[in-house]
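Enquirer: whatever this is, show me its structure:
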Amino acid sequence: MNPNPETFHQVAIPTLDTDLTVYYDGVCPLCRREIEFLKRLDTGDGVAWVNLCERPDGLVTPGLSKPDALKVFHVKTADGRLLSGAAAFLQLWGRSPRMTAVTRVLSNRPTLFLLNIAYRGFLLVRPVLQRLVRRWDRENRVAP
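Expert: Take a look at the predicted model:
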């Protein structure tokens, strides 16, 4: 996990007509749930959802390999900026009318810095959480 730290501070609150590409791990049960939630946020028609597990190995987009993309949440803006971690989430959340106010509050450098520390902490425990969710899904017969 070595995301570019510069991307953590490049948050711009997009308008609803901005194109955005979201890269996600479609095999991860946590990621699938998060993406389902995000899709329900009404982020507009300009969002392209890319399930990385359906893509060939290699570069996903210039500057982002599939293994790196699977480690950390990424989005690519219409102007080609690649954002990761909390900045990527805020970029996506800002497209939803229901999340715009939250995004504005969280989109300052000190808060973004703290959100990235929390996100990196989550990434450390993510494998354990994935196993727990998979077990829960099996026991409750939840389809992948």
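Enquirer: OK, contacts around the residue minimising distance to the centre of the chain?
Expert: Centroid-nearest residue in the chain, with Cα atoms, centre = their mean: residue 73, separated by 3.6 Å. The contact partners of residue 73, taken as Cβ atoms under 8 Å, 6 or more residues apart in numbering, are 23, 24, 31, 84, 85, 88, 89. Where C-beta positions appear, they are placed from N, C-alpha and C, glycine not excepted.
Enquirer: output those residues as JSON lines; include the columns secondary structure and pLDDT.
Expert: Formatted as JSON lines, these follow (DSSP: H, G, I helix; E, B strand; the rest coil; pLDDT from 0 to 100):
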{"residue": "23", "secondary structure": "strand", "pLDDT": "94"}
{"residue": "24", "secondary structure": "strand", "pLDDT": "93"}
{"residue": "31", "secondary structure": "helix", "pLDDT": "89"}
{"residue": "84", "secondary structure": "strand", "pLDDT": "95"}
{"residue": "85", "secondary structure": "helix", "pLDDT": "94"}
{"residue": "88", "secondary structure": "helix", "pLDDT": "94"}
{"residue": "89", "secondary structure": "helix", "pLDDT": "92"}
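Enquirer: for residue 68, state which of these is nearest.
Expert: residue 84 (8.7 Å; Cβ to Cβ).
Enquirer: now this protein, which segments are flagged as low pLDDT?
Expert: 1-18, 43-44, 142-144 (pLDDT under 70).
Enquirer: torsion angles phi and psi at residue 76?
Expert: phi -120, psi 130 (degrees, to the nearest 10).
Enquirer: spatially nearest residue to it (excluding sequence neighbours)?
Expert: Sequence neighbours aside, residue 21 is the residue nearest to residue 76 in space, at 4.3 Å (criterion: Cβ to Cβ, 6 or more residues apart in numbering).
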